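Enquirer: give me a 3D structure for the following:
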Amino acid sequence: MTVTPDHPPAPDRRLVVASVPADHAYVRHLAPLDRPGPVRLDDPPGEDEHGVPTGHWWPPVLLDAARTERVDADVLHVHFGFEGRTPAQLEELVATLRRTGRALVLTVHDLHNPHLTDRTAHLAQLGVLVPAADGLVTLTAGAAAEVERRWGRTSVVVPHPHVVPLDEMRSWQSRRRPRRPGEPVRVGVSLKSLRPNVAAVPVLEGLLAAVPQVPGTTLEIALHRDVLAPEHPRHDPAAVALLERAATVPGVEVRVHDYLDDAALHAQLVALDVSVLPYRFGTHSGWLEMCRDLGTDVLAPDLGYYADQGPVDVYRHAADGSVDVGSLVAALEAVRDRGPRPPITVAERERQRQEVAAAHDAVYARAVRRAAERVHSH
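Expert: Purely as a prediction, here's the structure:
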């Protein structure tokens, strides 16, 4: 049942939430473990610009005002995927939600979209969604402070839930090799498909300079096979040349592979002592949370709000875009000398999952109430 002036949600009825997207680990892990949560609708099939189904949620049709008007939901909860909509289209979406008495909830995952170098359009899109949201969520206090500075809105800070399924965490953590303080460290960096926020050349140059300065340290560089093809849109000849050189360096292994399923990815990460986030811009990281679930330490750049998410070691980018090698050396020495951090436990993630679910229940209830009050005031 849609929230309308004639049909407000009954107190004993589960709210219906249309998520953009629904088929995402983060969204699935907002559900409580011990009780029914809100009803989360499945993603409608995505359609390309010609209306042909794409076979997955992208691009999200629920951001189209005409389509959303026909969806039977109390709340539209936007997470990702709005980069394909203009501010005018998002304003039309907001107007439709208000006209039909439905609530808009926005989770600000990204203040700089990792898929877009220029953040101008993303900030303009947020400039429509943030002020219009009936409920506003973000993942860290640092991001909440930036949202407030930019748009004068207060966010509810709800931490990122687990990424690895709870019933698999213990098994993966048990596969880790023991490492005592002072013992050699296996470092890994995954460049994946060289999305725009990956600083492939600066990070590789920095690691190739830093790793030999920390005796016993080894380096694994992983890359998706597709970007080696010159016709790939993100093919980077300089990065490929650097990888070819890296493959000849003792203690460095270059792994070129196709897209990994979750099990293969977890196996790759659990074999590392520390995973380097190779980013030149960004906000939050699901990769960081996955590493925490697996017990792999994280080395993050001093940007965005990665350090607000959980315990990480930090390296610095220099003003010219290069990586400060001294900061990498210091961080790798800290990882070696400290030994592995105690991994987050299943019990901690279960407790957090319940808190995350309860926080979202409260956000949804307030948002629906706000939307209903707006309807009745007119």
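
Enquirer: now do the contacts for Arg150.
Expert: Under the criterion of Cβ atoms under 8 Å, 6 or more residues apart in numbering, the contact list for Arg150 reads 123, 126, 130. In this view, the C-beta of every residue, glycine as well, is placed from N, C-alpha and C.

Enquirer: 10 Å - rerun?
Expert: Counting by Cβ atoms under 10 Å, 6 or more residues apart in numbering, Arg150 makes contact with 111, 123, 126-127, 130.

Enquirer: where's the residue nearest to Val274 when sequence neighbours are not counted relative to Gly206, distance?
Expert: Take Val274 and drop its neighbours on the chain: the residue closest to it by Cβ to Cβ, 6 or more residues apart in numbering is Asp297, 4.2 Å away. Distance, Asp297 to Gly206, by Cβ to Cβ, to the nearest Å: 18 Å.

Enquirer: doesn't Asn113 make contact with Ala124?
Expert: No: the pair formed by Ala124 and Asn113 falls short of the contact definition of Cβ atoms under 10 Å, at 11.6 Å.

Enquirer: which of these two has more residues huddled nearby?
Expert: Asn113 (23 against 12; other Cβ atoms under 10 Å).

Enquirer: so the more buried one: helix, strand or coil?
Expert: For Asn113, the reduced secondary structure class is coil; criterion used: DSSP: H, G, I helix; E, B strand; the rest coil.

Enquirer: quick one, phi/psi of the residue nearest to Val274?
Expert: Listed backbone geometry of Asp297 is phi -70, psi 160, with angles given as degrees, to the nearest 10.

Enquirer: what number of residues lie near Val201?
Expert: As a burial measure, Val201 scores 18 neighbours (other Cβ under 10 Å).

Enquirer: export the helix or strand encompassing it as CSV, just CAs?
Expert: Using DSSP states H and E, Val201 sits within helix 200-210. Once non-C-alpha atoms are left out, helix 200-210 reads as follows in CSV (Å, rounded to 0.1, in the frame of the first residue of the first chain):
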residue,chain,number,x,y,z
ALA,A,200,47.6,3.0,-10.5
VAL,A,201,51.0,4.5,-11.5
PRO,A,202,51.6,6.6,-8.4
VAL,A,203,50.7,3.8,-6.0
LEU,A,204,52.7,1.2,-7.9
GLU,A,205,55.7,3.5,-8.1
GLY,A,206,55.4,4.2,-4.4
LEU,A,207,55.1,0.5,-3.4
LEU,A,208,57.9,-0.6,-5.6
ALA,A,209,60.1,2.0,-3.9
ALA,A,210,58.9,1.3,-0.4
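
Enquirer: Val214 contacts Glu333, correct?
Expert: Yes: with contact defined as Cβ under 10 Å, Val214 counts as touching Glu333 (5.7 Å).

Enquirer: identify the contacts common to the two.
Expert: Taking Cβ under 10 Å, 6+ apart as the criterion, Val214 and Glu333 both touch Val185.

Enquirer: which of those two has more neighbours?
Expert: In this view Val214 and Glu333 are compared by other Cβ under 10 Å, and Val214 has more residues nearby, 19 against 16.

Enquirer: read off the pLDDT value for the residue nearest to Val274.
Expert: Predicted confidence (pLDDT) for Asp297: 98.

Enquirer: contacts only, for it.
Expert: For Asp297, the residues meeting the contact criterion (Cβ under 10 Å, 6+ apart) are 185, 187, 272-276, 291, 311-313, 331, 334-335, 338-341, 343.

Enquirer: correct me if wrong: Val61 contacts Leu93.
Expert: No: the pair Val61 and Leu93 does not pass the contact test of Cβ under 10 Å, sitting 11.5 Å apart.

Enquirer: quick revisit: show me which pair in the contacts of Arg150 is furthest apart.
Expert: Looking at the contacts of Arg150 by Cβ to Cβ, the two members farthest from one another are Leu111 and Gly127, with 11.7 Å of separation.

Enquirer: more neighbours, those two?
Expert: It is Leu111, of Leu111 and Gly127, that has more neighbours when counted by other Cβ under 10 Å, with 21 against 14.

Enquirer: right, and the more buried one touches Thr283 too?
Expert: Yes: contact between Leu111 and Thr283 holds when scored by Cβ under 10 Å: they sit 4.7 Å apart.

Enquirer: what is in contact with the two at once?
Expert: Listed as contacting both Leu111 and Thr283 by Cβ under 10 Å, 6+ apart are 138, 142-143, 146, 304-305.

Enquirer: sorry, back to before: would JSON lines of the contacts of Arg150 with secondary structure and distance to Leu260 be doable?
Expert: What follows is these, written out as JSON lines (DSSP: H, G, I helix; E, B strand; the rest coil; distance: Cβ to Cβ, whole Å):
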{"residue": "Leu111", "secondary structure": "coil", "distance to Leu260": "28"}
{"residue": "Leu123", "secondary structure": "helix", "distance to Leu260": "33"}
{"residue": "Leu126", "secondary structure": "helix", "distance to Leu260": "31"}
{"residue": "Gly127", "secondary structure": "helix", "distance to Leu260": "36"}
{"residue": "Val130", "secondary structure": "helix", "distance to Leu260": "35"}
